[in-house]
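Asks: here's my sequence, what's the structure:
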Amino acid sequence: MVDLDRALLNPSAVFAAPEDVVSAEGLTREQKIDILKRWEYDARELEVATEENMPGPRTSCLESVIKALNELGYDHALDYEPPTKQGGS
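Replies: Numbers count the residues shown, from 1 in each chain. The predicted structure follows:
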């Protein structure tokens, strides 16, 4: 059984790879998406840090996370929010 709270807090501590979330038993599709979205956020933060010459102890797995989300039929457009209420920058 997957420790959902721990997986949502730190997905890479519970799963070896994003693909493992997709194949995990005992989780709903929505729970898997929530876990992967958290992993995506962490991967994006790592990429920003790397770009700012502050590399972390591991490499980013952003591509794998996005692929796993796509396998679950997740649409990234659902999360889109314009930079301002007017939609401009």
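Asks: only C-alpha atoms from now on, for both contacts and neighbour counts.
Replies: Noted.
Asks: tell me which helix or strand in this structure has the weakest average pLDDT.
Replies: helix 29-51 (a mean of 87; mean pLDDT, DSSP states H and E).
Asks: who touches that one?
Replies: 7-12, 18, 21-22, 55-56, 59-62, 65-66, 68-69, 72, 74 (C-alpha atoms under 8 Å, 6 or more residues apart in numbering).
Asks: can you pull out the helices in the protein?
Replies: Secondary structure of the chain (DSSP state H): helices located at 4-9, 11-14, 18-23, 29-51, 62-71.
Asks: among these, which is nearest residue 79?
Replies: helix 29-51 (10.2 Å; C-alpha to C-alpha).
Asks: so who does residue 17 touch?
Replies: Contacts of residue 17 (C-alpha under 8 Å, 6+ apart): residue 64.
Asks: now it: how far from residue 31?
Replies: Going from residue 17 to residue 31 by C-alpha to C-alpha, to the nearest Å gives 16 Å.
Asks: please identify the buried residues of stretch 68-84?
Replies: Within stretch 68-84, the residues scored as buried using 16 or more other C-alpha atoms under 10 Å are 68-69, 74.
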